[in-house]
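Asker: sequence and predicted structure, then a few things I'm wondering about:
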Amino acid sequence: MRDLLRVLRVAKRHGTWLVLALISMVVVAGATVFAFNLVRPMYDQVLRPRSAEAQPVVSSAPGLVGVLDSLASRAEMRLQRVVGDSRAAVIALAMLAVILKSLFAFLTRFATARCGLATIRDLRVMLFDSLLVQNPGFFHREASAALVSRATNDIQLLREVLAERLGDFVQDGLTVIVLTAYLLSLDFWLAIAVLFVAPLLLLPVVHFSRRLRVRAREAQKGIGELATILDETARGIRAVQVFAMSRFMAERFRRASDQQYEASLRARAIQAVNGPVMEIVGTAAALALIIFASAQIAEGRMTVGDFSAFLVAVYGAYNPLKRLNKFNLAVQHARVAAERIYEVMDAPVEIRDLPGSVELGDIGEGVVFEGVGFRYPDGEWILRGLDLELPRGAVVALVGASGAGKSTVAQLIPRFLDVQEGAVLVGGRDVRELQLESLWARIGFVTQETILFNDSVRTNITCGRTDHLPEAVVSAAQSANAHDFISRLPRGYDTMIGQSGFRLSGGQRQRLAIARALLKDPPILILDEATSALDGEAELAVRGAVERLMKNRTTLVIAHRLATVRRADVIAVISQGRVVERGGHESLLAAGGEYARMVEMQELS
């Protein structure tokens, strides 16, 4: 419930619409009870025999009934002057009450819907903003499809409550309160008898809501699992087909779908049985009320109009009570949804600006690793005692066997990961002392997996920034050997490239990534297997762009194919978490060490 209250605090931002909705609800509740009270003159005056003399609504009843009768009497006399007949005046008064109620009911629904939808919009934006500040490690732990499920399915469940049901909940609550006061004023002891029976209607509510909350959590978790399997299959469809995994994935999806179906069915069964149980209890209570009232009417203590008004008011309260119960069932789903959403929003950001962090200016003499040690929680050391220098303006290649920690080294520079031992220095300062945005602003990253967005070529090069001149974008594309193929696209730089750039070849996608880095013009450049996924022809097309990109920058090149690092200023060989060799290509070959063995193995292969 704590998380639902947090959602309501977000709704307070739209307090004007909340106040407008509340005022409208009060008017609707008042008009409702006023209309119900007109049932008495409807029976006793409008439905009277023609020979009987009509009397205006005059009451000496205490409390709310007396107030309503007084208002009705004054209104009826004024209307009677216009229409000339008391029957027509009562009918006109009832119609006016219903019209007033309907107008403010519309205003109530619109105001609550606007407030609810605006709150959902704010929550969705807050959830996305919380994801943007998370570190890459968070996304390695959390399945992307499960996060999408929370931002769509769980948000949808909250939207149903806030935009559709919350207004009804408050309106029905006010209506029940006003009708209860009306019933007590109309016939105190009869109302007491009804109120004594009413708590029986709450027993199934309490029982079913507890069970439904458990089932709702299981069902929503199942939706996240289904989304994860769908996402994995879509992204890895080639592997699924080539390795004949279709049957395995189909069975895995079918099993998860069955589990989600069972959980959803159990939740629906609880919701389905709740209504009939309340219907039975409510009908039994109504029949008991009729038996009691018939004796009162027979003894002359109550008129048919009084009982009709009482009965209509009771049924008028029954439907809101029934809707309140449905709201409670929906809230159980919403509680689980709010918990899942705030689990993401409250997830700790492990790497953030530390107190007293400063903005990075010039990168000074470059990047230095001093005695760096890193390991994942509860894992073995990946790096231990690593020393490495990336002098300003130099190209340093880092090579080693798979799993040696090369990519980990690359991720330590922009603080995607934090060291447990030693320090990574940029411009003579520990990166943990620097403001993250200023650090990222001075780093360009080109990886084997090119990250492109479902947008135009221009937006993918500029990363959404609008302060770059068109000439600068074209110049960057030309330097990346990308301008020619971009010009041949249907709409040139405004061509939409599809999700992950699927409409482009691997070499074209990589050249766009290089153009992006050239436009940014960072002093530090990290190339992590930037050409390893390309064939020979595509690599040749990209290599010239890469060489222009590295010019006059402090560059770390990570490559598995050693032919791509021969012209590096320094080649560092990493093994068992530390640098074991460093030097130029020729000198390392002459030394006959680890690098020479790696070159020999690749040449033999």
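Answerer: Yep, it's here.
Asker: and Val170, what helix or strand is that in?
Answerer: helix 166-186 (DSSP states H and E).
Asker: check which residues of that helix are buried.
Answerer: In terms of neighbour count (16 or more other CB atoms under 10 Å), helix 166-186 has its buried residues at 166-176, 178-180, 182-186. Using the backbone N, CA and C atoms, a C-beta is placed for each residue, glycine as well.
Asker: now do stretch 556-564
Answerer: Applying 16+ other CB under 10 Å to stretch 556-564 flags 556-560, 562, 564 as buried.
Asker: what packs against whichever strand or helix holds Asp258?
Answerer: For Asp258, the host element (DSSP H and E) is helix 246-298. Contact partners of helix 246-298 among helices and strands, from 3 or more CB pairs under 8 Å, 6 or more residues apart in numbering; DSSP states H and E: helix 188-197, helix 199-235, helix 304-345.
Asker: buried deepest among these, which one?
Answerer: helix 304-345 (a mean of 20; mean count of other CB atoms under 10 Å).
Asker: quick one: average confidence on the helix holding Asp258?
Answerer: Computed over helix 246-298, the mean pLDDT rounds to 76.
Asker: with stretch 32-41 instead?
Answerer: Here the average pLDDT along stretch 32-41 is 79.
Asker: also stretch 161-174?
Answerer: Stretch 161-174 comes out at a mean pLDDT of 82.
Asker: contacting residues around it?
Answerer: With contact meaning CB atoms under 8 Å, 6 or more residues apart in numbering, stretch 161-174 is reached by 7, 11, 21-22, 25-26, 28-29, 105, 108-109, 111-113, 115-117, 119-120, 320-321, 323-324, 326-327, 330-331, 333-334.
Asker: so which residues of this structure form strands?
Answerer: For the chain, the strands defined by DSSP state E cover 366-375, 381-391, 395-399, 421-426, 429-430, 443-447, 524-528, 554-558, 570-575, 578-583.
Asker: what residues of the longest one count as buried?
Answerer: Spelled out, it's strand 381-391. By neighbour count on 16+ other CB under 10 Å, the buried set for strand 381-391 is 382-384, 386, 388-390.
Asker: list the helices and strands that strand packs on?
Answerer: Partner elements for strand 381-391 (3+ CB pairs under 8 Å, 6+ apart): strand 366-375, strand 395-399, helix 406-412, strand 421-426, strand 554-558, strand 570-575, strand 578-583.
Asker: buried set for the first one?
Answerer: Okay, so that is strand 366-375. So for strand 366-375, counting by 16+ other CB under 10 Å, buried means 366-370, 372-375.
Asker: re the thing from before, got JSON lines for the helices and strands packed on strand 381-391, with mean pLDDT and distance to Leu589 too?
Answerer: Supplementary listing: the helices and strands packed on strand 381-391 in JSON lines, determined by pLDDT from 0 to 100; distance: least, CB to CB, whole Å:
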{"stretch": "strand 366-375", "mean pLDDT": "94", "distance to Leu589": "25"}
{"stretch": "strand 395-399", "mean pLDDT": "92", "distance to Leu589": "13"}
{"stretch": "helix 406-412", "mean pLDDT": "91", "distance to Leu589": "20"}
{"stretch": "strand 421-426", "mean pLDDT": "94", "distance to Leu589": "30"}
{"stretch": "strand 554-558", "mean pLDDT": "91", "distance to Leu589": "18"}
{"stretch": "strand 570-575", "mean pLDDT": "92", "distance to Leu589": "10"}
{"stretch": "strand 578-583", "mean pLDDT": "92", "distance to Leu589": "9"}
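Asker: distance to Glu251 added to the ones you listed, as JSON lines?
Answerer: Below are those laid out as JSON lines (distance: least, CB to CB, whole Å):
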{"stretch": "strand 366-375", "distance to Glu251": "37"}
{"stretch": "strand 395-399", "distance to Glu251": "42"}
{"stretch": "helix 406-412", "distance to Glu251": "34"}
{"stretch": "strand 421-426", "distance to Glu251": "45"}
{"stretch": "strand 554-558", "distance to Glu251": "38"}
{"stretch": "strand 570-575", "distance to Glu251": "41"}
{"stretch": "strand 578-583", "distance to Glu251": "45"}
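Asker: quick check: Leu71 vs Ala88, distance?
Answerer: Applying CB to CB, to the nearest Å, the value for Leu71 to Ala88 is 18 Å.
Asker: sorry, that was for Val599
Answerer: Distance from Val599 to Ala88, by CB to CB: 105 Å.
Asker: who has more neighbours out of the two?
Answerer: Relative neighbour count places Val599 above the other of Val599 and Ala88, with 17 against 14, counting by other CB atoms under 10 Å.
Asker: test for you: state the pLDDT assigned to the nearest residue to that one once chain neighbours are set aside.
Answerer: In this structure, Val599 finds its nearest non-sequential neighbour in Leu562, 5.5 Å apart by CB to CB, 6 or more residues apart in numbering. With respect to pLDDT, Leu562 scores 73.
Asker: which residues touch Leu562?
Answerer: 399, 595, 598-599, 602.
Asker: lowest-confidence one in those?
Answerer: Minimum confidence in those sits at Gln602, scoring 75.
Asker: and the gap between that one and Ala559?
Answerer: 11 Å.
Asker: now do Ile497
Answerer: Counting by CB to CB, the gap from Ile497 to Ala559 is 26 Å.
Asker: quick one: the helices in the stretch 451-600 of the chain?
Answerer: Assigned by DSSP state H, counting those that start in this stretch, the helices in the stretch 451-600 of the chain fall at 457-462, 470-479, 483-487, 506-520, 536-550, 585-591, 594-604.
Asker: burial check on Arg301, number of neighbours?
Answerer: Neighbour count for Arg301, taken as other CB under 10 Å: 12.
Asker: actually Phe106, sorry about that
Answerer: Using other CB under 10 Å, Phe106 has 12 other residues around it.
Asker: for it, give me the pLDDT.
Answerer: pLDDT, Phe106: 91.
Asker: so who does it touch?
Answerer: Phe106 neighbours (CB under 8 Å, 6+ apart): none.
Asker: could you measure from it over to Leu324?
Answerer: Distance of Phe106 to Leu324, computed by CB to CB: 21 Å.
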